[in-house]
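Q: got a predicted model here, sequence first, then my questions.
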Amino acid sequence: MIIGKIIGSVWATRKETTLTGAKFLIVQKETIENTKVLYNSDILVAVDQIGAGKGDRVLVTSGSSAVSINPDKNLPIDAAIVGIIDSLDL
Amino acid sequence: MIIGKIIGSVWATRKETTLTGAKFLIVQKETIENTKVLYNSDILVAVDQIGAGKGDRVLVTSGSSAVSINPDKNLPIDAAIVGIIDSLDL
Amino acid sequence: MIIGKIIGSVWATRKETTLTGAKFLIVQKETIENTKVLYNSDILVAVDQIGAGKGDRVLVTSGSSAVSINPDKNLPIDAAIVGIIDSLDL
Amino acid sequence: MIIGKIIGSVWATRKETTLTGAKFLIVQKETIENTKVLYNSDILVAVDQIGAGKGDRVLVTSGSSAVSINPDKNLPIDAAIVGIIDSLDL
Amino acid sequence: MIIGKIIGSVWATRKETTLTGAKFLIVQKETIENTKVLYNSDILVAVDQIGAGKGDRVLVTSGSSAVSINPDKNLPIDAAIVGIIDSLDL
């Protein structure tokens, strides 16, 4: 998983029908250098089902594993927010 | 998912037979720095089933999750356009 | 999918038995900047079943989706040539 | 798999329910140049089930293969610690 | 698949139980520029079942496709050596 901060959201009316109702958040990736958190310009869009919002630091799962957040549907997604981070212990 | 802009399309007569009729669009990736959208030279080719066209800003799902846009076929694709973006809220 | 040019092939006598008879082509990745095609030193090896050859510009599917070019076997491959490109419309 | 060193852990109370009880460790990636191990600022978060701890050098499996560390659940994870490294023979 | 050279191996006593007996080799990635092979500092660890050894140039499959080298087990691996390269035709 990667660590990132939610910086916004995406509005898309026309989309794959299985994605109706999905909430798309924009996540800026973080990296860590000598226990210091750094941001870079890498962003990704992740689906959220756990109530994350702008400014939250989150755990994001990428790739086809992200589909497992909704095992009943076979969502065409490659990133999902799977946790809202309380703290990092470095 | 990544955000990108459609800049063209690919024409390929000879292809895997399961891809007959597939529409291949060229997407230029976007990144975001301080709420400003930047383009770089990274491109990818994505299959489209939702009617996207040149100039559209789109959401692209990469990896094997892209296959889910057509669950009846087992398409050998690794990228699909899953949404046409109306706006970004940053 | 990525766009690339076939620049050679790989000969490997000892291999996983499910790969017996597989044709391994070396693909140089392309990127596009201002409608101009650029090559870089990134290469990958892809399995071909559609008759591509040296010099062809091709569409390559990466990741586990590549396995779908032969649904009867469970090939341990992560890249397949899925189309031979006639032209790009940019 | 990649080689990395555990430099910390992540605490996330709100998460996907299938991840309840999961242990999230922060791994700094290593690379090797002329038999010398180098660290860079690339980090990832991996789930651990084998008892790894801070300072351990570990083997990390990325992507949907990581899900196999718990075949009974369909965990939404993309990285897992699969081995604690005793030594590298270079 | 990528092309690489085996430069060493990994010894890990404590690991996921499904990996007992697995052979972990360290592969240095190669790239090709103007028919010249270049090495860089990118390495990965791949499981080997075909008898590759130090100094061999190999074909490596990455991602969840690597699991297919042992279809009876559901190995948590993301890289496997699938061929030992005799020669490149460039």
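A: Good, I have the coordinates.
Q: how about the helix-or-strand element of chain A with minimal mean pLDDT: buried residues?
A: Least confident helix or strand of chain A, by mean pLDDT, DSSP states H and E, is strand A:36-48 with a mean of 88. By neighbour count on 16 or more other Cβ atoms under 10 Å in any protein chain shown, the buried set for strand A:36-48 is A:Asp42, A:Ile43, A:Leu44, A:Val45, A:Ala46, A:Val47, A:Asp48. For glycine as for every other residue, the C-beta is placed from the backbone atoms N, C-alpha and C.
Q: make TSV from those residues and add distance to chain C to it.
A: Shown next, in TSV, are the buried residues of strand A:36-48 (distance: Cβ to the nearest Cβ, whole Å):
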residue	distance to chain C
A:Asp42	17
A:Ile43	19
A:Leu44	16
A:Val45	19
A:Ala46	19
A:Val47	19
A:Asp48	24
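Q: so which of the residues you listed also contact chain B?
A: A:Asp42, A:Ile43, A:Leu44, A:Val45, A:Ala46 (Cβ under 8 Å from any Cβ of the partner chain).
Q: make CSV from the residues you listed and add distance to C:Ile85 to it.
A: Shown next, in CSV, are those (distance: Cβ to Cβ, whole Å):
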residue, distance to C:Ile85
A:Asp42, 29
A:Ile43, 30
A:Leu44, 28
A:Val45, 28
A:Ala46, 32
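Q: which of those residues lies closest to B:Gly8?
A: A:Val45 (22.2 Å; Cβ to Cβ).
Q: wait, the closest one sits on A:Phe24?
A: Yes. Between A:Val45 and A:Phe24 there is a contact at 5.2 Å, judged by Cβ atoms under 8 Å.
Q: where does pLDDT dip in chain A?
A: Chain A contains no residues with pLDDT under 70.
Q: check contacts around the closest residue to chain E within it.
A: Closest residue of chain A to chain E, Cβ to the nearest Cβ: A:Ser64 (7.6 Å). Under the criterion of Cβ atoms under 8 Å, 6 or more residues apart in numbering or on different chains, the contact list for A:Ser64 reads A:Asp78, B:Gly63, B:Ser64, B:Ser65, C:Ser64, D:Gly63, D:Ser64, E:Ser64.
Q: what about 7 Å?
A: B:Gly63, B:Ser64, B:Ser65, D:Ser64 (Cβ atoms under 7 Å, 6 or more residues apart in numbering or on different chains).
Q: any chance of those residues in TSV, plus secondary structure?
A: Formatted as TSV, the contacts of A:Ser64 follow (DSSP: H, G, I helix; E, B strand; the rest coil):
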residue	secondary structure
B:Gly63	helix
B:Ser64	helix
B:Ser65	helix
D:Ser64	helix
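Q: between all of those residues, which two are separated the most?
A: B:Ser65 and D:Ser64 (9.4 Å).
Q: count the residues that sit near the nearest residue to A:Asn70 once chain neighbours are set aside.
A: Nearest residue to A:Asn70, sequence neighbours excluded (Cβ to Cβ, 6 or more residues apart in numbering or on different chains): A:Gln49, at 7.1 Å. A:Gln49: 14 surrounding residues under other Cβ atoms under 10 Å in any protein chain shown.
Q: and the nearest residue to A:Val45 once chain neighbours are set aside, what does it touch?
A: Leaving aside its chain neighbours, A:Val45 sits nearest to B:Met1 (4.2 Å; criterion: Cβ to Cβ, 6+ apart). Taking Cβ under 7 Å, 6+ apart, we find B:Met1 in contact with A:Leu44, A:Val45, A:Ile77, A:Asp78, A:Ala79, B:Leu59, B:Val60, B:Thr61, B:Val82.
Q: now those residues in JSON lines, with distance to B:Lys36 and secondary structure?
A: Shown next, in JSON lines, are the contacts of B:Met1 (distance: Cβ to Cβ, whole Å; DSSP: H, G, I helix; E, B strand; the rest coil):
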{"residue": "A:Leu44", "distance to B:Lys36": "17", "secondary structure": "strand"}
{"residue": "A:Val45", "distance to B:Lys36": "17", "secondary structure": "strand"}
{"residue": "A:Ile77", "distance to B:Lys36": "26", "secondary structure": "coil"}
{"residue": "A:Asp78", "distance to B:Lys36": "24", "secondary structure": "coil"}
{"residue": "A:Ala79", "distance to B:Lys36": "22", "secondary structure": "strand"}
{"residue": "B:Leu59", "distance to B:Lys36": "19", "secondary structure": "strand"}
{"residue": "B:Val60", "distance to B:Lys36": "20", "secondary structure": "strand"}
{"residue": "B:Thr61", "distance to B:Lys36": "24", "secondary structure": "strand"}
{"residue": "B:Val82", "distance to B:Lys36": "24", "secondary structure": "strand"}
